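Chemist: let's see this in three dimensions:
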Amino acid sequence: MKNLLLRINDRIYMACIWIAGLSVLAISLMIPWGVFARYVLGTGSSWPEPTAILLMMVFTFIGAAASYRSGSHMAVAMLTDRLAPNLRKAAAIAAQLLMATICLFMAIWGSKLCMSTWNQFMSALPTLRVGITYMPIPIGGVLTLVFVLEKLLLGDQSNRRVVRFDLVEENEGAA
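Modeler: Numbering: from 1, shown residues only. As a prediction, this is how the structure comes out:
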């Protein structure tokens, strides 16, 4: 069961990395297009800036979930490094519980924000609902909560190598 959960979370983690990476790639293509359209073509496009801001939210909240699982998030350990080992473990559990609380807050209140703004449309992108633009907040909260629960129940996975499953499954089938 543990291995199944780890494999599922590995796939979620890789999806988070891909989504965050593709968001940055799209931003890096859109912004130069906006500059080119404005200064070379003489007609400013209205969509690159608001789309880049939306993708930056996707990158931030989805990328933060992946960053949390990989252990590369910002952590200040000056105080906890000076604690006795048993207190250090208690502080780590308390930190995970606080993190779970923050994730629940993001998921619940982010969902409420999406629902309350669902019938509004963005002025820069008139076909896009404002509620959709806030969706990375609750989605990122749920994804991070999954990784927090994984850390609480299955231990820290930041030092474990994530295996590409398509290659593993092919090799297992050949054996």
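Chemist: what's the weakest-modelled helix or strand in this structure?
Modeler: Within the chain, no helix or strand scores below helix 165-174, which has a mean of 49 by mean pLDDT, DSSP states H and E.
Chemist: can you count the residues close to the closest residue in space to Lys2 that isn't next to it in sequence?
Modeler: Of all residues not flanking Lys2 in the chain, Leu154 sits nearest, at 6.1 Å (C-beta to C-beta, 6 or more residues apart in numbering). No exception for glycine: its C-beta is placed from N, CA and C like everyone else's. Here the number of neighbours of Leu154 (other C-beta atoms under 10 Å) works out to 13.
Chemist: and the residue most central in space within the chain, which helix or strand is it part of?
Modeler: The residue lying closest to the centre of the chain (C-alpha atoms, centre = their mean) is Ile62, at 1.5 Å. Secondary structure assigned from DSSP states H and E places Ile62 in helix 48-70.
Chemist: export only the CA atoms of that helix, formatted as PDB.
Modeler: Written as PDB, here are the backbone C-alpha positions of helix 48-70 (Å, rounded to 0.1, in the frame of the first residue of the first chain):
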ATOM      1  CA  PRO A  48       0.100  38.600 -22.900                       C
ATOM      2  CA  GLU A  49       0.300  40.400 -19.600                       C
ATOM      3  CA  PRO A  50      -2.900  39.100 -17.900                       C
ATOM      4  CA  THR A  51      -2.100  35.600 -19.300                       C
ATOM      5  CA  ALA A  52       1.400  35.700 -17.900                       C
ATOM      6  CA  ILE A  53       0.100  36.800 -14.500                       C
ATOM      7  CA  LEU A  54      -2.300  33.900 -14.500                       C
ATOM      8  CA  LEU A  55       0.500  31.500 -15.400                       C
ATOM      9  CA  MET A  56       2.600  33.000 -12.700                       C
ATOM     10  CA  MET A  57      -0.100  32.100 -10.200                       C
ATOM     11  CA  VAL A  58      -0.100  28.500 -11.600                       C
ATOM     12  CA  PHE A  59       3.700  28.400 -11.400                       C
ATOM     13  CA  THR A  60       3.700  29.700  -7.900                       C
ATOM     14  CA  PHE A  61       1.100  27.500  -6.300                       C
ATOM     15  CA  ILE A  62       1.600  24.300  -8.200                       C
ATOM     16  CA  GLY A  63       5.400  24.700  -8.200                       C
ATOM     17  CA  ALA A  64       5.300  25.400  -4.400                       C
ATOM     18  CA  ALA A  65       3.600  22.000  -3.900                       C
ATOM     19  CA  ALA A  66       6.400  20.300  -5.800                       C
ATOM     20  CA  SER A  67       9.000  22.300  -4.000                       C
ATOM     21  CA  TYR A  68       7.500  21.300  -0.700                       C
ATOM     22  CA  ARG A  69       7.700  17.600  -1.600                       C
ATOM     23  CA  SER A  70      11.300  17.900  -2.800                       C
END
